[in-house]
Structure formats: structure tokens, C-alpha cells
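> Have a look; sequence and predicted model below, questions after that.
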Amino acid sequence: MFILASASPRRKELLEQIGCSFRIEVSDAEEAGGRGMTPPELVMRNAHLKAAAVAARYPDIPVLGADTVVSLDGNIYGKPRDKEHAREMLTRFSGRVHQVTTGIALVWKGQLWQACETTEVAFAPLSAAAITRYIETGEPADKAGAYGIQGRAAVFIEQIRGSYSNVVGLPLHCLDGLAEKAGIDLYGDGEGASG
């Protein structure tokens, strides 16, 4: 049993998909802005901030924090501010390969374990009309990079290199390995260490 320090429905669905035993406590941590940070530095910092804020309230239960950003040409893209910002992002990604980076942090009994995963995503060339249609669905609003690979944007993607679940928002293979290092049972009903 562990706590997921995230309101993301995608992360919740991924953990349910693999049968994890967890509950959700949304973190109120203020995220770092990213100026002067690489994507891995930024997401690992924010994952740690999110996990630590919840772990302060539940010190005896393992807490998982995660943060995902999209990057292209050295620029970091989080969630879009509005529809026009979403259009700018999707136009930049059109016909190009960008990176999706997720940082994960496990905090338990005052200790921290962290990992980071990056996946390359190749977008097909997108017409202005296709971008407009997609934005009008409302799907880009709460997603890093203004798209959801598990939703309608799946048709934009020609190829991915790396972890699919990472692009959704949580690299499951990476998480499993990190939990094993930390001695945290992701699947049991008890709190904390596996036997």
C-alpha cells in the first residue's frame, strides 16, 4: 500500500492497470518553474516536491510523486495555458520528434528514491484543421504538451521510442524497479516493505 501524490486520472488508471494497492492524496506543493533546469532536473525536482509534501502528513506510508514535461529544441512544454497555447505547441510538434520526460520520486520514512525516464515521440505532419478539431475536443487542456497519447491524439503519432506508459504520465517499468530498490511493495495491502 502506498500513496499517489497526484490528481492525474491517467496515473491512477496506469497503477490500477497493473494491480497496485494505493490511495490518492493530492499534493499541494508549489512546482518549480524550470528556468535554467534540464527536463530531467525539472521533473525529478517537482516529483520530489509533490511526494515530500504528502509524506510530511503520512511519514510511515510510502508516497509516490511524479511530474511529466514535453521538450523540443531545448524548450520545455507543460500544460497549455489556453487553446492558443495548445495550438502553438501542437504546431511546433507537427512532423517532428519531441521528448517526453517523467520524473518519479518515492519518499518513505525520511528517505528518497528517484528515477527519470525519457521517451521520443514522432508526430506526423498535422494540418491546421486537424489541430483545431483536436483542440475543440477539450482533450489538450490538462496534458503536458497539449496532447494525450492514450486519447484522440493517438492518430498523430507515427512512432515512439521508449516507454509508452511514460508518455501517458508514469513509466511503469521504471517505477517497479525503483520500488524494488526501496523495498516498497506496490501490490500488497500492508503499508510499506515487501517481505
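Cool, the structure landed.

> What are the buried residues along stretch 58-72?
58, 61-72 (16 or more other CB atoms under 10 Å). C-beta coordinates here come from the backbone N, C-alpha and C atoms, glycine included.

> Just send the residues you listed back as JSON lines, with secondary structure and distance to residue 29 too.
Shown next, in JSON lines, are the buried residues of stretch 58-72 (DSSP: H, G, I helix; E, B strand; the rest coil; distance: CB to CB, whole Å):
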{"residue": "58", "secondary structure": "coil", "distance to residue 29": "14"}
{"residue": "61", "secondary structure": "coil", "distance to residue 29": "17"}
{"residue": "62", "secondary structure": "coil", "distance to residue 29": "17"}
{"residue": "63", "secondary structure": "strand", "distance to residue 29": "11"}
{"residue": "64", "secondary structure": "strand", "distance to residue 29": "13"}
{"residue": "65", "secondary structure": "strand", "distance to residue 29": "8"}
{"residue": "66", "secondary structure": "strand", "distance to residue 29": "12"}
{"residue": "67", "secondary structure": "strand", "distance to residue 29": "10"}
{"residue": "68", "secondary structure": "strand", "distance to residue 29": "15"}
{"residue": "69", "secondary structure": "strand", "distance to residue 29": "16"}
{"residue": "70", "secondary structure": "strand", "distance to residue 29": "21"}
{"residue": "71", "secondary structure": "strand", "distance to residue 29": "22"}
{"residue": "72", "secondary structure": "strand", "distance to residue 29": "26"}
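
> quick one: which of those residues is nearest residue 164?
Ranked by distance to residue 164 (CB to CB), the buried residues of stretch 58-72 are led by residue 68 at 13.1 Å.

> Isn't the closest one up against residue 116?
No: with contact defined as CB atoms under 8 Å, residue 68 does not reach residue 116; the gap is 10.5 Å.

> Look up phi and psi at residue 143.
Here is the backbone geometry of residue 143 (degrees, to the nearest 10): phi -120, psi 140.

> cool, and residue 106?
Main-chain torsions, residue 106, degrees, to the nearest 10: phi -110, psi 120.

> Count the residues that sit near it.
25 (other CB atoms under 10 Å).

> same question, residue 87
Here the number of neighbours of residue 87 (other CB under 10 Å) works out to 18.

> Just the element for it, please.
helix 83-93 (DSSP states H and E).

> who does that helix touch, helix- and strand-wise?
Judged by 3 or more CB pairs under 8 Å, 6 or more residues apart in numbering; DSSP states H and E, helix 83-93 is in contact with strand 63-72, helix 128-136.

> Now distance to residue 25 and mean pLDDT too, for those, in a markdown table please.
Shown next, in a markdown table, are the helices and strands packed on helix 83-93 (distance: least, CB to CB, whole Å; pLDDT from 0 to 100):
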| stretch | distance to residue 25 | mean pLDDT |
| --- | --- | --- |
| strand 63-72 | 8 | 96 |
| helix 128-136 | 32 | 97 |
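
> All set, thanks.
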